[in-house]
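*Asks:* need coordinates for the below:
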Amino acid sequence: MDETAKGKLRRVIYPGTFDPITNGHEDLVRRAAGLFDEVVVAVAAQTPKATIFPLGERLALAQSVLAGIPGVRVRDFEGLLINLLQDEGVSVILRGLRAISDFEHEFQLASINRRMNPEMETLFLMTSDQHTFLSSSLVREISRLGGDVTAFVQPQVAMALRQRFHGQVDGGLGAE
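*Replies:* Numbering: from 1, shown residues only. Sure, this is the predicted structure:
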């Protein structure tokens, strides 16, 4: 169904923890922005994962990284994703798949979301080849152990990670 033909914008919500936002996330958003009129990047306030950055910092980093991409908006959300979609008037969820191992979990999420709201669709985009190995948890671990993450995240994110783990703002690990 073409929502544009009905006078609605073609919109998608890309939910996640984004702790931290990586080049893989950014790549997926850029590609989605070419497919949709608006991409709403929804940063989850509540998550079963222990986050290293508080919600406000995750939002600020995502906004900073994605600022130059037309048609992208970053916001936070609490509670069920289906409620966010209803509030935003969106019926499509964007999810990225890195490897076949991601599929089972993502399939379960898509199935339960659709069960709760049959009008909801989940669109899966394969991660670009150069990012198939990349995850926020790996980036956090590399940074925590003092490794250089500048190939995996934007400079402001690398700086925030250095500050979080090592108390360094400038001239630290991976500085340019």
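*Asks:* what does stretch 111-130 rub up against?
*Replies:* Residues outside stretch 111-130 that contact it (C-beta atoms under 8 Å, 6 or more residues apart in numbering) are 12, 24, 27-28, 31-32, 80-82, 85-86, 91-98, 106, 109-110, 134. No exception for glycine: its C-beta is placed from N, CA and C like everyone else's.
*Asks:* check the offset of that stretch from the chain's centre.
*Replies:* Here stretch 111-130 is found 14 Å from its chain centre; the criterion is C-alpha atoms, centre = their mean, to the nearest Å.
*Asks:* next, the distance between the ends of that stretch.
*Replies:* Chord length of stretch 111-130, first to last residue, is 29 Å (C-alpha to C-alpha, to the nearest Å).
*Asks:* in that stretch, which residues are buried?
*Replies:* For stretch 111-130, burial by neighbour count (16 or more other C-beta atoms under 10 Å) applies to 113, 120, 122, 125, 127-128.
*Asks:* looking at that stretch now, give me its mean pLDDT.
*Replies:* Averaging pLDDT along stretch 111-130 gives 93.
*Asks:* for stretch 43-55, same thing?
*Replies:* Taken as a whole, stretch 43-55 carries a mean pLDDT of 90.
*Asks:* quick one: contacts of that stretch?
*Replies:* Identification of contacts with stretch 43-55 by C-beta under 8 Å, 6+ apart yields 15-20, 58-59, 61-62, 74-79, 140, 160, 164.
*Asks:* ok, residue 85 - contacts?
*Replies:* Going by C-beta under 8 Å, 6+ apart, residue 85 touches 13, 91, 93, 117, 120.
*Asks:* try 7 Å
*Replies:* If you count contacts by C-beta atoms under 7 Å, 6 or more residues apart in numbering, residue 85 has them with 13, 91, 120.
*Asks:* buried set for the helix or strand containing it?
*Replies:* Per DSSP states H and E, residue 85 falls inside helix 81-88. Neighbour-count burial for helix 81-88, counted by 16+ other C-beta under 10 Å, picks out 81-82, 84-85, 88.
*Asks:* show me the contacts of stretch 111-130 that map onto strands.
*Replies:* Judged by DSSP state E, the subset of the contacts of stretch 111-130 located in strands is 12, 92-97.
*Asks:* next structured bit after the helix or strand of the chain with the lowest mean pLDDT?
*Replies:* Across the helices and strands of the chain, mean confidence by mean pLDDT, DSSP states H and E is lowest for helix 100-116: a mean of 89. Using DSSP H and E, the helix or strand that follows helix 100-116 in sequence is strand 121-126.
*Asks:* appreciated, that's everything.
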